[in-house]
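Enquirer: Provided below are the primary sequence and the corresponding predicted coordinates.
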Amino acid sequence: MAPARFSAFELLLLKSRYPPDTAALLLLTWVYVNKRAVLAEDRRYLEVLANGYRHSRDLDTLLAIARADLKAIQLAAEVVLRERVDEQSHPFLRRAIGLATSEGDLSPRNHHILRFLSDLSGVTPAAFARLFREVAGRALTPPSDPSRQAYWQQQEQAEPAAEADTDTPAPSPRRTQRWLGWRTRILSAHARRRENRLERDRLRQQARQRAERRRQEEERLQRARQAEAQRQEEERQADAQRRERARQEEASRQEQQRRQRQWQQAAGIPQPHYRIRLALQVLELDEHASSTDIKRAYRRLAQRHHPDRFHGQGDLRISLASQRFQRIKNAYDLLMQHA
């Protein structure tokens, strides 16, 4: 199998410690070779950048690549786009603008190159115009239209000497279309990133809304459980109070009956038969109850302990209620016989 053949720029990327720096340096070199007039300080500035990126020995190679290899320019743009980190200061764009405007006005090519680099960096046209004014100290003028034939005729007439002094090949409509195609792909990539970011934001918002709804539902259930527990506690306390009042009333009634018996014994009044006393206890009456009191007590206790009131609560509960009701009826019948 034949070994893979790499271009000069691909070899630089392979041996680079940080490929995005190498790609950014090539794009800055691309700005440099497309200037109207190259200044000595521009070359020194590139040498300083190359030394900082550990490519001081590769600057001539990068200059040659920037003049002739548009595929390398495309590869560098893709590397920068993939590794780009959004920053408010945009140091890469500031360097490109300063390099392109060091001798005065922008060249027609650098007009489009800088706009291409601003798209690559994710900078809006308005933000790029403000950044250009900050760096260059003047407003950014609109470029000529490279898609018109008159543009290339004007360039050939205005820059014959500059074309003779450089190794840069004359631009052709095919190369222009390729450059416009790269710019379209870059803009499409930014649009896809924006769409993906909006989709992620929408999904995060939906997740937050679902979490908020779950939290509200859990709070509602917690409040309902607390209200139910409070209601049960209140019922338990009320039931305990009722039982305590019933116990106190029973103790008071028994104490009253004991005192009544002691008074009757002291007065020599004969005690009623024990069956009558038991019947009075069943109806919760004392020994001086009248027939009207007996009837009222019977109706009250019969309504409270009637077996029909315990329907559906189990056979044992109904059986106990029936026995209690029968004792109440027997006691009533006995008392009414001796009333």
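Expert: Now that the structure is in, tell me what you want to look at.
Enquirer: which stretches of the stretch 201-339 of the chain have low pLDDT?
Expert: Applying pLDDT under 70 to the stretch 201-339 of the chain flags the ranges 257, 260-261, 264-265, 267-274, 339.
Enquirer: which parts of the chain are helices?
Expert: For the chain, applying DSSP state H gives helices covering 8-15, 19-33, 40-52, 59-68, 70-83, 91-100, 108-120, 125-136, 149-158, 160-164, 173-267, 274-282, 291-305, 315-337.
Enquirer: against which helices or strands is the longest one packed?
Expert: On a contact count with 3 or more C-beta pairs under 8 Å, 6 or more residues apart in numbering; DSSP states H and E, helix 173-267 meets helix 70-83, helix 108-120. Yep, even glycine has a C-beta here, placed from its N, CA and C like the rest.
Enquirer: who does the longest one touch, helix- and strand-wise?
Expert: What it means is helix 70-83. Right, helix 70-83 is packed against helix 8-15, helix 19-33, helix 59-68, helix 108-120, helix 173-267 by 3+ C-beta pairs under 8 Å, 6+ apart.
Enquirer: quick revisit: among the helices of the chain, which is nearest P143?
Expert: Nearest to P143, of all the helices of the chain, is helix 108-120, at 3.3 Å by C-beta to C-beta.
Enquirer: what's the angle from the closest one to helix 125-136?
Expert: Interaxial angle of helix 108-120 relative to helix 125-136 (axes from the mean of the first three to the mean of the last three C-alpha atoms, to 10 degrees): 120 degrees.
Enquirer: angle of helix 108-120 against helix 173-267?
Expert: 20 degrees.
Enquirer: for helix 108-120, what is the average pLDDT?
Expert: For helix 108-120, mean pLDDT rounds to 84.
Enquirer: tell me how far the spatially most central residue of the chain lies from R133.
Expert: Geometric centre of the chain, nearest residue: R208, 3.8 Å, by C-alpha atoms, centre = their mean. R208 sits 40 Å away from R133, going by C-beta to C-beta, to the nearest Å.
Enquirer: likewise A224?
Expert: Distance from A224 to R133, by C-beta to C-beta: 63 Å.
Enquirer: ok, now R197?
Expert: Applying C-beta to C-beta, the value for R197 to R133 is 28 Å.
Enquirer: again, but for V123
Expert: V123 is 13 Å from R133, by C-beta to C-beta.
Enquirer: neighbour count for those two, which is higher?
Expert: V123 (18 against 13; other C-beta atoms under 10 Å).
Enquirer: what sits against the more buried one?
Expert: Listed by C-beta atoms under 8 Å, 6 or more residues apart in numbering, the contact partners of V123 are H90, L93, L131.
Enquirer: ok, of those, which one's closest to L70?
Expert: Distance to L70, by C-beta to C-beta, is smallest for L93 among these, at 21.1 Å.
Enquirer: got a list of what the closest residue in space to L140 that isn't next to it in sequence touches?
Expert: Nearest residue to L140 in three dimensions, chain neighbours excluded: F132, at 4.3 Å (C-beta to C-beta, 6 or more residues apart in numbering). For F132, the contact set (C-beta under 8 Å, 6+ apart) comprises I97, L114, A139, L140.
Enquirer: test my guess that the third one contacts L131.
Expert: Read that as A139. No: in this structure A139 lies outside contact range of L131 using C-beta atoms under 8 Å: 11.9 Å.
Enquirer: who's more crowded, those two?
Expert: A side-by-side neighbour count of A139 and L131, using other C-beta under 10 Å, places L131 first with 20 against 9.
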